[in-house]
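> build me a model:
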Amino acid sequence: MIRRNLISLVGACGALAVGIALGAGPLSDVGHAESERAGDAGEVSGDLSRRVAVDERFVTDIGKAVVAGRLAKQRIAILAFPGVQQDVIAGVSAQVRTGGGAVTSVVRIAPAMVDPGRRTYLDTLSKRLAPRLDGRVNTTLDAYPRFGQLLGATYAGKKAATSFDAGQSTAAETLRTAKLVTVSGGKTPATLVLVLVAKPVDRTVLTGIVHGLGGAAHAVVSAGPSSSTDLAALRAQDWGTWFASVDGVDTPAGQVATALALAHQVSQGGGDYGASGFGGLVPLG
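Numbering: from 1, shown residues only. All right, here's what the predicted structure looks like:
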């Protein structure tokens, strides 16, 4: 949000500079006027950049105080859909640690998983792995919700234990060797799941997988940029309080809000947060 405002203001300053230059005096003065205005715009741009940097540092510092201790004893699995940048993952991971929690797994979802052309393959794979997870995956569900349940049961769970059981280990290894995911960590089941979205993926695939996650994990938070159509699609679903969302996760403020939403989901508060969220910028409870 801050960056968008910066771009708009700089653009307005530039346009104003050009307008004044073209309307001023004789033609011999135009170049001089343009040079002066360009210099002024550059100074404004530099000043705004410095102010943005200060604002971001302020949010980061305040966030440390607000988030501290809010995620104590919580274990978070991050599922990142294609296109999510590493700095976003690093930012929310840092906020989880500030809150006293731990990131147990960072699961990067491969493009093959969200390719509608691979639906039959995912359908078959989830049916084959379901018995290994002792009833934690409902085989009567449609392909994508079932696969979402498989992911949730593998990396998290309704009542997560302190280590993977044999079924979870088998499922995790199968998903890795099938090149459907790349994983960092992945030894301890999570208590909460954070779904990060970025560039658009097929809506049926996305909503099906996230819906399935809700059936296998205690609670889910989804976060993405404010402009994310994927996040908008998830927010449009009629889901219960197991689901919460945050926009603006590509900013320090959004990453603080994401950590607070995860803390709020310990008791399944639900809600949509961020600049476009109906629940306000952050959960207040």
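
> give me the below-cutoff pLDDT ranges for the stretch 1-150 of the chain.
Across the stretch 1-150 of the chain, the stretches falling below the confidence threshold (pLDDT under 70) are 1-61, 63.

> quick one, helices of it?
In chain order, the stretch 1-150 of the chain shows helices spanning 2-22, 30-67, 86-98, 119-129, 143-155, with DSSP state H, counting those that start in this stretch as the criterion.

> could you chop the chain up by domain?
Taking automatic domain parsing as the domain assignment, the ranges for the chain are 2-64, 71-273.

> need those domains in a markdown table (columns: mean neighbour count).
Every residue, glycine included, has its C-beta placed from N, CA and C. Output for the domains of the chain, formatted as a markdown table (neighbours: other CB atoms under 10 Å):
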| stretch | mean neighbour count |
| --- | --- |
| domain 2-64 | 13 |
| domain 71-273 | 20 |
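
> want to throw those into TSV with distance to Leu281?
As requested, the domains of the chain are arranged in TSV below (distance: least, CB to CB, whole Å):
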stretch	distance to Leu281
domain 2-64	11
domain 71-273	6
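
> closest to Gly279 out of the ones you listed?
With respect to Gly279, and counting by CB to CB, the nearest of these is domain 71-273 at 3.6 Å.

> helix or strand for Lys171, which one?
In this structure residue 171 is Ala, not Lys. With the criterion set as DSSP states H and E, the secondary-structure element containing Ala171 is helix 166-177.

> quick one, phi psi at Asp115?
Backbone dihedrals for Asp115, given as degrees, to the nearest 10, come out at phi -80, psi 110.

> I misspoke; the intended subject was Asp272.
With angles defined as degrees, to the nearest 10, Asp272 sits at phi -120, psi 120.

> so who does it touch?
With contact taken as CB atoms under 8 Å, 6 or more residues apart in numbering, Asp272 is in contact with Arg235, Ala244, Ser245, Val246, Asp247, Phe278, Gly279.

> coming back round to it: tell me the helices and strands packed up against whichever helix or strand comes after the helix holding Ala171.
Helices and strands here follow DSSP H and E; after helix 166-177, the next one along the chain is strand 181-185. The contact analysis (3 or more CB pairs under 8 Å, 6 or more residues apart in numbering; DSSP states H and E) places strand 181-185 against strand 102-109, helix 166-177.

> which residue, neighbours along the chain excluded, lies closest to Thr204?
Tyr144 (6.6 Å; CB to CB, 6 or more residues apart in numbering).

> meant to ask about His211, not that
Excluding its sequence neighbours, the residue lying closest to His211 (CB to CB, 6+ apart) is Pro145, at 5.0 Å.

> now do Gly254
Spatial nearest neighbour of Gly254, chain neighbours left out: Gly248 (3.3 Å); criterion: CB to CB, 6+ apart.

> doesn't Pro225 make contact with that neighbour?
Yes - proximity of Gly248 to Pro225 meets the contact threshold set by CB atoms under 8 Å, at 6.8 Å.

> could you name the helices and strands sitting against the one helix or strand Ala263 maps to?
Taking DSSP H and E as the definition, Ala263 sits inside helix 252-264. Helix 252-264 is packed against helix 30-67, helix 86-98, strand 192-196, strand 220-224, strand 243-247, strand 271-273, with contacts defined by 3+ CB pairs under 8 Å, 6+ apart.

> now it: mean pLDDT?
Mean per-residue pLDDT for helix 252-264: 96.

> using CSV, list the CA coordinates for it.
Presented in CSV, the C-alpha positions along helix 252-264 are these (Å, rounded to 0.1, in the frame of the first residue of the first chain):
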residue,chain,number,x,y,z
PRO,A,252,6.0,-5.3,6.8
ALA,A,253,2.5,-4.3,8.1
GLY,A,254,1.0,-7.3,6.3
GLN,A,255,3.5,-9.7,7.7
VAL,A,256,2.7,-8.4,11.3
ALA,A,257,-1.0,-8.8,10.5
THR,A,258,-0.4,-12.3,9.3
ALA,A,259,1.3,-13.3,12.6
LEU,A,260,-1.6,-11.8,14.5
ALA,A,261,-4.1,-13.6,12.4
LEU,A,262,-2.3,-16.9,13.1
ALA,A,263,-2.5,-16.2,16.8
HIS,A,264,-6.2,-15.4,16.5
